[in-house]
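>>> here's a sequence, model it:
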Amino acid sequence: MQQIDWIILTLTLLFIVIYGVWKTKGSQNVNDYILGNNETPWYTVGISVMATQASAITFLSTPGQAFNDGMGFVQFYFGLPLAMVIICYTFIPIYHKLKVFTAYEFLEQRFDLKTRSLAAILFLVQRGLGTGLTIYAPSIILSSILGWNLTKMNIIIGTLVIIYTFSGGTKAVNVTQKQQMFVIMSGMFIAFYLILKGLPKEVTFSNAMKIAGANDKMNILDFSINPQNRYTFWSGITGGLFLMLSYFGTDQSQVGRYLSGKSIRESQMGLLFNGLLKVPMQFFILLTGVMVFVFFQFETVPINFNPNSKAIIENSKYADEYKELEKKLVAISAEKKEVTLAYAMQLNIDRENQVLKTRIVALSEKEKNIRDQAKTLIGKADKKDKTNDADYVFIHFIMHYLPKGLVGLLLAVILSAAMSSTASGISALASTTVIDIYKRNAKGEKSEKHFMNATQYFTVMWGVIAILFACVGTLFENLIQLVNIVGSIFYGTVLGIFLVGFYFKYIKATPIFWGAIVSQTTIFFIYYFAIHIYPSGEEKLGYLWLNFIGAVLTIVLSSLIQLFSNRVESVNENSN
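Okay, here's the model as predicted:
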């Protein structure tokens, strides 16, 4: 990195922190600190909701996901717009009518304290893990690429977030996320423009799309019903719908964003704004990854993008075999560049040469085989090393192909995204801990100021916990998939509890509590035996289905327990 990159990176991050503290200092009570005194306009709600979900993992892993597997991941978000509509017309009016600080307060009013506590604890567990990952993800990748100390990176990101979140609570999160989203999207559009500009002059955007298509990167829709496929149209509008319903409707890190809205209408407009823009945004980020793939068809790239893996293999007994594979890849890359350029020139005269297209497909298959052989060697050299290098693709492009100054801007994008999602996470963890656990069980009368101070202290506590988790985290899977897997394990059960609360009025407290316990336990078993034991990614069940299964299982089990309980009561009454 050049000095100008350091200046841009440092000034951007300091501006966000200082602006957040300056604009939101002086909270006097819990309502102001947790709900921003219900003064947030709809557009800020919408941007804050988007920024909360768009973590650094999104901007590091999603382009790498597209580089490897193409545009199919966008199907993951197909259930989101429908989820926004359902939440707007069911969840939001109920939350506002009850004047709750957290989503879980509703559960005590509908059921009882133990059900509220169960949902809150499930949230604290999964969001605590997820928040640690939002710090860890950019830290591990940036430390690998730039040689920065991983622990120091975790501490710096976490501390910056704690400073302004401690100071201003929800209002600080909302205010800073507007600045962060501006930095994030500006950086991504600039990167996309530079990718296209860096292509050979013979390769137009239309040609680039066709080159990507020839390499199976533009297969957006998969209508297969194979449950082993992670991303299909059906898993997106079912499992994805249930995941989005749970995430945006019951996860306090999102609920807290729109509970701060000025009114029901403002909160609804903010969520619908997110529903309209989120899928196009993810499509654009994935397309950026696909264009990076096309860009690298004309460049010599490493056989594995993770520099740690390269260091491991070069100091092992497999170094010579690895070098031979690198030589083969260089030869294939040279031939592929020549063939792809010829294919593009044929497209310029409105002629798609099928012979050249077939050669491109064959060369891509050879390249994939060589990369797979390299991953096998890396795994032999160090069984603990995770050979999936998709998370390193985009940052490799940033560091090696962007001009001075823009490297600092794109790194600011990554760190801003980390800060925005981390801030929402620790703010939600703190408010849930205080409102659903501490305040509900506190003895004696306590002032509003006391609970506001407690929320600030728990903000620091959860921030430190997230930093500690990030420091001991282990990189496995593609990070964006890892975060979604963690959520999918818990979200289905929590969503099931809320759906019963909203729509199944005959189900009482004890049946839903035990139905949720059994459901969550069952999901753990399903995850372990159908997904976890298949590290290659060839699971017996795509993880998105866990959301659907967890929600339906909770509803069915609680219904059966309630019917059984009613029958027992009826028998007892008749016997008396």
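>>> next structured bit after the helix-or-strand element of the chain with minimal mean pLDDT?
Lowest on mean pLDDT, DSSP states H and E among the helices and strands of the chain sits helix 30-35, with a mean of 65. Using DSSP states H and E, the helix or strand that follows helix 30-35 in sequence is helix 42-53.
>>> taking the mean pLDDT, what do you get for that following helix?
Helix 42-53 shows an average pLDDT of 80 in the prediction.
>>> give me the phi and psi for V100.
Dihedral pair for V100: phi -90, psi 150, per degrees, to the nearest 10.
>>> repeat that for the one 3 residues further on.
A103 has phi and psi values of phi -60, psi -30 when expressed as degrees, to the nearest 10.
>>> now the terminal residues of stretch 75-95, how far apart.
End-to-end distance of stretch 75-95: 30 Å, with C-alpha to C-alpha, to the nearest Å as the criterion.
>>> what's around I140, how many residues?
When neighbours are counted by other C-beta atoms under 10 Å, I140 registers 24. For the C-beta atoms, the positions are set from N, CA and C on the backbone; glycine is no exception.
>>> okay, it: pLDDT?
71.
>>> my guess is it contacts W148, does it?
No: between I140 and W148 there is no contact under C-beta atoms under 8 Å: 10.3 Å.
>>> ok, the residue nearest to T522 when sequence neighbours are not counted - how many residues close by?
Excluding the flanking residues, the one nearest T522 by C-beta to C-beta, 6 or more residues apart in numbering is L553, at 6.1 Å. Look at L553: counted by other C-beta under 10 Å, it has 21 neighbours.
>>> report the rounded mean pLDDT for the biggest helix by length in the chain.
Across the chain, the longest stretch assigned as helix under DSSP state H is helix 150-197. Per-residue pLDDT over helix 150-197 has a mean of 78.
>>> between that helix and helix 42-53, how many degrees?
110 degrees (axes from the mean of the first three to the mean of the last three C-alpha atoms, to 10 degrees).
>>> next SSE after helix 150-197?
Following helix 150-197 in sequence order, the next helix or strand is helix 205-214 (DSSP H and E).
>>> centre of the chain versus stretch 276-293, how much separation?
Offset of stretch 276-293 from its chain centre (C-alpha atoms, centre = their mean, to the nearest Å): 14 Å.
>>> ok, residues contacting it?
With contacts defined as C-beta atoms under 8 Å, 6 or more residues apart in numbering, stretch 276-293 is touched by 46, 50, 53-54, 58-59, 62-67, 70-71, 73-74, 76-78, 80-81, 185, 188, 191-192, 195-196, 208, 212, 215, 217-218, 393-394, 397.
>>> residues of that stretch that come out buried?
278-279, 281-283, 285-293 (16 or more other C-beta atoms under 10 Å).
>>> how many neighbours does the closest residue to S424 other than its chain neighbours have?
Closest residue to S424 apart from its sequence neighbours, by C-beta to C-beta, 6+ apart: T52 at 4.0 Å. Using other C-beta under 10 Å, T52 has 28 neighbouring residues.
>>> report the contact partners of G198.
Contacts for G198 (C-beta under 8 Å, 6+ apart) come out as F295, Y401.
>>> thought I157 was touching M419?
Yes: assessed by C-beta under 8 Å, I157 is found in contact with M419 at 6.5 Å.
>>> who has more neighbours, the two?
Taking neighbours as other C-beta under 10 Å, I157 and M419 compare with M419 leading, 30 against 25.
>>> wouldn't that one be in contact with T159 here?
No: counting by C-beta under 8 Å, M419 does not reach T159; the two are 10.5 Å apart.
>>> which stretches in the protein count as strands?
Assigned by DSSP state E, the strands in the chain number zero.
>>> just the CA atoms of stretch 43-55, as CSV, please.
What follows is stretch 43-55, C-alpha atoms only, in CSV (Å, rounded to 0.1, in the frame of the first residue of the first chain):
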residue,chain,number,x,y,z
TYR,A,43,-34.9,6.2,4.0
THR,A,44,-32.6,5.9,7.0
VAL,A,45,-34.4,2.8,8.2
GLY,A,46,-34.0,1.3,4.7
ILE,A,47,-30.3,2.1,4.4
SER,A,48,-29.6,0.9,7.9
VAL,A,49,-31.4,-2.4,7.3
MET,A,50,-29.4,-2.9,4.1
ALA,A,51,-26.1,-1.9,5.8
THR,A,52,-26.7,-4.3,8.7
GLN,A,53,-27.0,-7.3,6.4
ALA,A,54,-24.2,-6.1,4.0
SER,A,55,-21.2,-7.0,6.1
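>>> now the helices for the stretch 251-400 of the chain?
Listed in chain order, the helices of the stretch 251-400 of the chain (DSSP state H, counting those that start in this stretch) span 252-259, 264-295, 307-314, 319-347, 354-381, 393-401.
>>> again with the stretch 401-550 of the chain
Under the criterion DSSP H, counting those that start in this stretch, the stretch 401-550 of the chain carries helices at the ranges 406-432, 439-441, 448-472, 479-503, 509-527, 545-575.
>>> which residues sit against the second one?
Right, the one you point to is helix 439-441. E108, L113, R116, S117, K446, F451, A454.
>>> isn't the fourth one right next to I437, touching?
Spelled out, it's S117. Yes: counting by C-beta under 8 Å, S117 does reach I437; the two are 7.2 Å apart.
>>> what residues are shared contacts of the two?
Shared contacts of S117 and I437 (C-beta under 8 Å, 6+ apart): none.
>>> any low-confidence regions in the stretch 1-150 of the chain?
Along the stretch 1-150 of the chain, segments meeting pLDDT under 70 span 1, 20, 23-37, 53-57, 141, 144-145.
>>> distance between stretch 136-145 and the chain's centre?
For stretch 136-145, the separation from the chain centroid amounts to 16 Å (computed by C-alpha atoms, centre = their mean).
>>> before we move on, what about stretch 357-370?
The chain centre lies 31 Å from the centre of stretch 357-370; the measure is C-alpha atoms, centre = their mean.
>>> same question, stretch 76-87
Worked out by C-alpha atoms, centre = their mean, stretch 76-87 lies 16 Å from the chain centre.
>>> cool, stretch 412-427 as well?
11 Å.
>>> still on that earlier bit, and the gap between the residue nearest to T522 and P93?
Distance of L553 to P93, computed by C-beta to C-beta, to the nearest Å: 27 Å.
>>> looking at the helices of the stretch 401-550 of the chain, which is buried most?
For these, average neighbour numbers computed from mean count of other C-beta atoms under 10 Å are highest in helix 406-432, which has a mean of 27.
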